[in-house]
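Okay, sequence plus prediction incoming.
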Number of protein chains: 2
Amino acid sequence: MSEKKPNIYDVARLAEVSHQTVSRVLNNQPNIRPATRARVEAAMAQLGYQPNPAARSLVTAKSNMLGLLVSDTGLYGPAGMLNAMERSARQAGYFAITVAVRFDSPESWAEGLQHLSRMHVEGIATIALQSEVIKMAAKIMPNIKLVAIDTDDQANRVNSVGIDNLGGGHMATKHLIELGHKKILHIMGPATSSEAQNRRRGYEQAMVEAGLEPATVQGDWTAETGFRIGIELNLELTGYTAIFTANDQLSLGLMKAFNMRGVKVPADISLVGFDDIPESPYFNPPLTTIRQDFNQLGEVAIEMLLSDLAGTKRKKFEALKPNLVVRDSAIRISTSRK
Amino acid sequence: MSEKKPNIYDVARLAEVSHQTVSRVLNNQPNIRPATRARVEAAMAQLGYQPNPAARSLVTAKSNMLGLLVSDTGLYGPAGMLNAMERSARQAGYFAITVAVRFDSPESWAEGLQHLSRMHVEGIATIALQSEVIKMAAKIMPNIKLVAIDTDDQANRVNSVGIDNLGGGHMATKHLIELGHKKILHIMGPATSSEAQNRRRGYEQAMVEAGLEPATVQGDWTAETGFRIGIELNLELTGYTAIFTANDQLSLGLMKAFNMRGVKVPADISLVGFDDIPESPYFNPPLTTIRQDFNQLGEVAIEMLLSDLAGTKRKKFEALKPNLVVRDSAIRISTSRK
DNA sequence: GTTATTTTTGTGAGCGCTCTCATTTCGGAC
DNA sequence: GTCCGAAATGAGAGCGCTCACAAAAATAAC
């Protein structure tokens, strides 16, 4: 039904040159007479010629592909990063093979890595996965170039980029402290997430610096958990006047629970989230939160991976600054309260 | 630094067989003595051999790759579908090349398609893109197999899967009608989206069937627009007692605006959304909405693409049924109101 | 003009695999 | 044992491209 795709020889014949000249045109090599180049290009256009990437990879031993290993959430953050990474990779002439794995399943990671290994990708970018994955990658593909977004690799043994989660946690907490709050609770993300850990660390630092006592409740990234915690939390007993949550969804769940219980946000309790998802301004009340630029994060990650691939790497770690977005969910503590 | 990767001949030598026998083991061909197969497999393991996909593609003229063309939203729906599609493709032994394009930019579509064409993908799945894209694809890659999720191709000239948006719109509207509402407004998604169009059509059908007059306001997929509309809407004048929005975010924005204006949901006005994003149960009040199963959608799409590729295609179009999730944002109209 | 030098083009091999076809080996039937 | 058909294995070519090198053509120097 469909006739054979034209190859480099077909183009050469039509342009009355050798296949090698066609190859040169294809690769933008110098020392081709303009007239010749034009003739070849015309022939290509006429035949609708498209170079075969398999043949090219075979001889150059470069796949021109990058693997994007991402945990399988439908979360706003990862999705945005993925988009940005794909676009950056494409702009640089690379193809992005995406692999969605389960956040908490080592078998799933191994499977995903195997998949990428089979495809002989030149480099891998991981999003929000533990350093365990990176060790795995090193085992499966010994010499693979890798960059991690938001990983818990403390030893800094791998290229990584992330926002300054510690700084962000600190910033959120400090904002609440400056509003006069003393009893501030932190609801943490999943314990396995380095982002969650660092946000907590930032929270704790800010508390300790202010001479306040940190207190953390274990959560995850879902509104559901925020809701559950909000229902269970005994505010009278504990006396909390403010809560910093590890992401915006937790705050949403919390708001819902408080609303049901007749606890007023922010009058009775102030809330600060993290991420600034597009919905946050429309929460009830609009959420004060820490914003991170997911697009930039993705772009920087790919940039880093590519420069590593090219051997012109600059630094091993890059931390982007998040910033505080003040809205209505956190206010100055009323002096009537303790 | 890294020594050459082993090839099929290296394995053959070690296993003391011919390269062809190794190839047979690789491809699970019959008529190999178990002992021989074991020997070859041992040799592969010992050398850490991994077949070179480029070489394989070159000779088989099959790239083993699928292109996933998705518009660049960080929306919950597309992200979930993408995940599901990638996983399905992987399970079937295919590699997924993701390309993120701009929803509204034909140049961006063309660029994305070119990219996939260069990679010689065997098939393409598009998510929420207009039929324009499909025509473009046919031009760039004449014989490409394609499946579209949620496209506006009315002529049904392309394989597509989608939820029954018309049915969903109908269902949402009917729910409101059954609750006694007569003046029901629809806030539509972007005009270019076929999903938005079909949801509206479902709404209109239900209204007409009930002898009511349909009325639509043009929106998009954002909470921001929902908010703006909610602020501008003159409820006293128009007398609306219920609104059906094309997605959940619009409802969220609406809720926010109504809350600011002192309009009570659902006491003063009932709301029904569409999608059932994970946050919807935590809206204030929890949103009654139409749920669609994005994972299933992605799986069915890939299944369809693969069966088309295999020549065992069954049907050209598949519509999944969405279902109504009743929560608190829509209630029976109070008899005191007209 | 002739020769040296540079620019431009061409030739053949080979990347790692699967294909087709040829050859060897193995099991039984007698 | 011998013979035959089937099972198992091997040999060689070729997919479409780039690489290293060789040859031809154009230009420069005299």
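Yep, that arrived.

Which strand residues bridge A:M65?
Following DSSP bridges, A:M65 is listed with bridge partners A:F95.

wait, doesn't A:D164 sit right on A:K321?
Yes - the pair A:D164 / A:K321 is scored as a contact, 5.8 Å apart, by C-beta atoms under 8 Å. All C-beta atoms are positioned from the backbone trio N, CA, C, and that covers glycine.

Tell me if the helix or strand A:A38 falls within is near DNA strand C.
Counting by DSSP states H and E, the secondary-structure element that holds A:A38 is helix A:34-47. Yes - using C-beta under 7 Å from any atom of the strand, helix A:34-47 reaches DNA strand C at A:A35, A:T36.

ok, and for that helix, which residues are buried?
Within helix A:34-47, the residues that qualify as buried are A:T36, A:R37, A:R39, A:V40, A:E41, A:A43, A:M44, A:L47, counting by 16 or more other C-beta atoms under 10 Å in any protein chain shown.

For the fourth one, list the residues it contacts.
The contact partners of A:V40, taken as C-beta atoms under 8 Å, 6 or more residues apart in numbering or on different chains, are A:V11, A:A15, A:V17, A:T21, A:V22, A:V25.

Apply 6 Å and report the result again.
Taking C-beta atoms under 6 Å, 6 or more residues apart in numbering or on different chains, we find A:V40 in contact with A:A15, A:V22, A:V25.

and chain A, what are its domains?
In terms of domains, chain A is parsed into A:64-163+A:294-322, A:165-292 (source: automatic domain parsing).

Check the secondary structure at the spatially closest residue to A:N165 that is not a sequence neighbour for me.
Nearest residue to A:N165 in three dimensions, chain neighbours excluded: A:N198, at 3.6 Å (C-beta to C-beta, 6 or more residues apart in numbering or on different chains). Following DSSP: H, G, I helix; E, B strand; the rest coil, the label given to A:N198 is helix.

Do you know the pLDDT at A:N198?
On pLDDT, A:N198 comes in at 93.

Look up how far DNA strand D lies from it.
To DNA strand D, A:N198 is 43 Å away according to C-beta to the nearest atom of the strand, to the nearest Å.

Ok, A:Q114 next?
25 Å.

so that residue is in which element?
helix A:106-118.

who's in contact with that helix?
Here helix A:106-118 has contacts from A:G67, A:L69, A:V99, A:V101, A:R102, A:V133, A:M136, A:A137, A:I140, A:M141, B:R90, using C-beta under 6 Å, 6+ apart.

quick one: the helices in the stretch 101-250 of chain A?
Using DSSP state H, counting those that start in this stretch, the helices of the stretch 101-250 of chain A run over A:106-118, A:131-140, A:165-178, A:194-209, A:223-232, A:235-238, A:248-261.

Pick the most buried one from those.
Of all these, helix A:248-261 has the most neighbours on average by mean count of other C-beta atoms under 10 Å in any protein chain shown, namely a mean of 24.

Which elements pack onto it?
helix A:223-232, strand A:270-275 (3 or more C-beta pairs under 6 Å, 6 or more residues apart in numbering or on different chains; DSSP states H and E).

Could you rerun that using 10 Å?
Using 3 or more C-beta pairs under 10 Å, 6 or more residues apart in numbering or on different chains; DSSP states H and E as the contact test, the elements touching helix A:248-261 are helix A:76-91, strand A:184-188, helix A:223-232, strand A:242-245, strand A:270-275, strand A:288-291.

Which among the ones you listed is found nearest to B:I32?
Counting by C-beta to C-beta, B:I32 lies closest to helix A:76-91 out of those; the figure is 40.2 Å.

Would you confirm that the residue nearest to A:N165 contacts A:G169?
Yes - the pair A:N198 and A:G169 passes the contact test of C-beta atoms under 10 Å, sitting 6.6 Å apart.
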